[in-house]
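**Student:** one predicted model, sequence on top.
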Amino acid sequence: MLSDVVLSMLWPSVILLAVGPAGECYNQGDIKLPMVISTWIDKESHNVAWETLNTKKSALDAVEAGCSKCEELGGGSVGFGGNPDENGETTLDAMIMDGETHNVGAVGNLRRIKSAISVARKVMEHTSHTLLTGSQATQFAVSMGFKEEDLSTNSSREIYKKWKENNCQPNRWLDVTPNPRISCGPYSPIKDHHGGSEPEGYGLDEGNHDTISMIAVDENGRIAGGATTNGLSHKVPGRVGDSPIPGSGAYVDKDVGGATATGNGDIMIRFSPSLLTVEGMRSGLTPEKSAQEALVKISRFYPSFRGAIIATNIKGDYGAACHGYDTFPFCVVNPALNQTTVKRVNCVKKKEEF
């Protein structure tokens, strides 16, 4: 059952609700649109999206504004100053999708530009492409008027320094020599050795969650979604995760609804979980049940992975599911709630628990 306990002392303007086991419904009220839903707990960014939607701007504007605010805060797993790669550089991934037109813009491994979600929108609006990456994406951003600047901070430099002093632990290498579990590179492949085991959930929690992803639906049912991140810390330079990939990081459809994902992107990208969730809703499943079914497909292959999905249908009914964490928090606001509300769903540790 939904807990009667409301924990509001941590965030004066935010209600934190303890939510019962996966599979139970939320009391969502009568007036469900417009609405915004986003992963994890970032009331400031969520409120910016909601305020944007309430000024009669588009759902697309709301998603861009909310994700941009999170990027501006920086210092964590989103935006500048966080999660350096193996060279000590912070790079960004982002995407934005318009459910009305099915247009998408995305950037991967974006270097030296702070506003990844806004660059992604420029890709959508000013090119016939979907995804630009690396230094060429930086060149595009500069041509669109964005400022090129260092994304590192004293904090991210210190993270990188300590990582190097700790023999580059942890890192993302497999089946190489010298042994990546005890040594820094450069590495070379081990001959005639294939299929090493890969970590499924390292370092993914509320402090290092890899992505903020967001869906907005306006009062007329127009929907948009997006995601932005600086990826996993100590990633191999050049790595692009799931966040900028349509169907993986986010997916929205004007006839059905939308879903976004967060967690171990290198695993989740292999299953297009946001697309799976939307198609589940198209077949008649509730948002929560559809998210659960998408996670089941992943857990069959990676039983210890960590990830979560939030979803809403086009009417504003919403839900969430998660795997591998203890609980998963997400933000939601609509006229019935009247303020950013943080809800928390219990997660499962293995597929049999769904």
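**Tutor:** Thanks, I have the structure now. Residues are numbered from 1 along each chain as shown.

**Student:** can you map out the strands along the stretch 251-354 of the chain?
**Tutor:** Remark: strands assigned in the stretch 251-354 of the chain by DSSP state E, counting those that start in this stretch are 257-263, 307-313, 318-323, 327-333, 341-346.

**Student:** any idea which of these gets closest to residue 222?
**Tutor:** Proximity to residue 222, assessed across the strands of the stretch 251-354 of the chain by CB to CB, is greatest for strand 257-263 (11.1 Å). No exception for glycine: its C-beta is placed from N, CA and C like everyone else's.

**Student:** just how off-centre is the closest one within its chain?
**Tutor:** Centroid separation for strand 257-263 versus its chain: 7 Å, with CA atoms, centre = their mean, to the nearest Å.

**Student:** and that strand, C-alpha only, in PDB?
**Tutor:** In PDB, the C-alpha atoms belonging to strand 257-263 read as follows (Å, rounded to 0.1, in the frame of the first residue of the first chain):
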ATOM      1  CA  GLY A 257       3.100   8.300 -24.200                       C
ATOM      2  CA  GLY A 258       6.700   8.200 -23.200                       C
ATOM      3  CA  ALA A 259       9.400   6.600 -21.200                       C
ATOM      4  CA  THR A 260      13.000   7.400 -20.100                       C
ATOM      5  CA  ALA A 261      15.700   5.200 -18.500                       C
ATOM      6  CA  THR A 262      18.600   5.600 -16.200                       C
ATOM      7  CA  GLY A 263      21.200   3.200 -14.900                       C
END
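
**Student:** relative to it, what are the paired strands and their orientations?
**Tutor:** strand 250-253 (antiparallel), strand 307-313 (antiparallel) (DSSP bridges).

**Student:** rewinding a little: most neighbours per residue, which of the strands of the stretch 251-354 of the chain?
**Tutor:** Among the strands of the stretch 251-354 of the chain, strand 257-263 has the highest mean neighbour count (mean count of other CB atoms under 10 Å), at a mean of 32.

**Student:** average pLDDT across it?
**Tutor:** Strand 257-263 carries an average pLDDT of 96.

**Student:** residue 117 contacts residue 65, correct?
**Tutor:** No. Assessed by CB atoms under 8 Å, residue 117 is found out of contact with residue 65, at 9.0 Å.

**Student:** still on that earlier bit, and the strands of the stretch 251-354 of the chain as a markdown table, adding distance to residue 247?
**Tutor:** A markdown table is the format used below for the strands of the stretch 251-354 of the chain (distance: least, CB to CB, whole Å):
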| stretch | distance to residue 247 |
| --- | --- |
| strand 257-263 | 9 |
| strand 307-313 | 12 |
| strand 318-323 | 17 |
| strand 327-333 | 20 |
| strand 341-346 | 22 |
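
**Student:** bridge partners for the closest residue to residue 313 other than its chain neighbours, pull those for me.
**Tutor:** Once flanking residues are discounted, residue 313 sits nearest to residue 257: 3.8 Å by CB to CB, 6 or more residues apart in numbering. With DSSP bridges as the criterion, residue 257 is bridged to residue 253, residue 313.

**Student:** where does pLDDT dip in the stretch 151-300 of the chain?
**Tutor:** Applying pLDDT under 70 to the stretch 151-300 of the chain flags residues 193-210.

**Student:** how about 80 then?
**Tutor:** Low-confidence segments of the stretch 151-300 of the chain (pLDDT under 80): 192-211.

**Student:** just the helices from it, written as ranges.
**Tutor:** For the stretch 151-300 of the chain, the helices defined by DSSP state H, counting those that start in this stretch cover 154-165, 265-268, 273-282, 287-299.

**Student:** between these, which gets nearest to residue 328?
**Tutor:** Short answer: helix 287-299, nearest of those by CB to CB, at 10.4 Å.

**Student:** between the helix or strand harbouring residue 45 and strand 341-346, how many degrees?
**Tutor:** Per DSSP states H and E: residue 45 is located in helix 43-54. On the basis of axes from the mean of the first three to the mean of the last three CA atoms, to 10 degrees, helix 43-54 is oriented at 120 degrees to strand 341-346.

**Student:** and the angle from helix 43-54 to strand 327-333?
**Tutor:** Using the same axes, to 10 degrees: helix 43-54 against strand 327-333 is 30 degrees.
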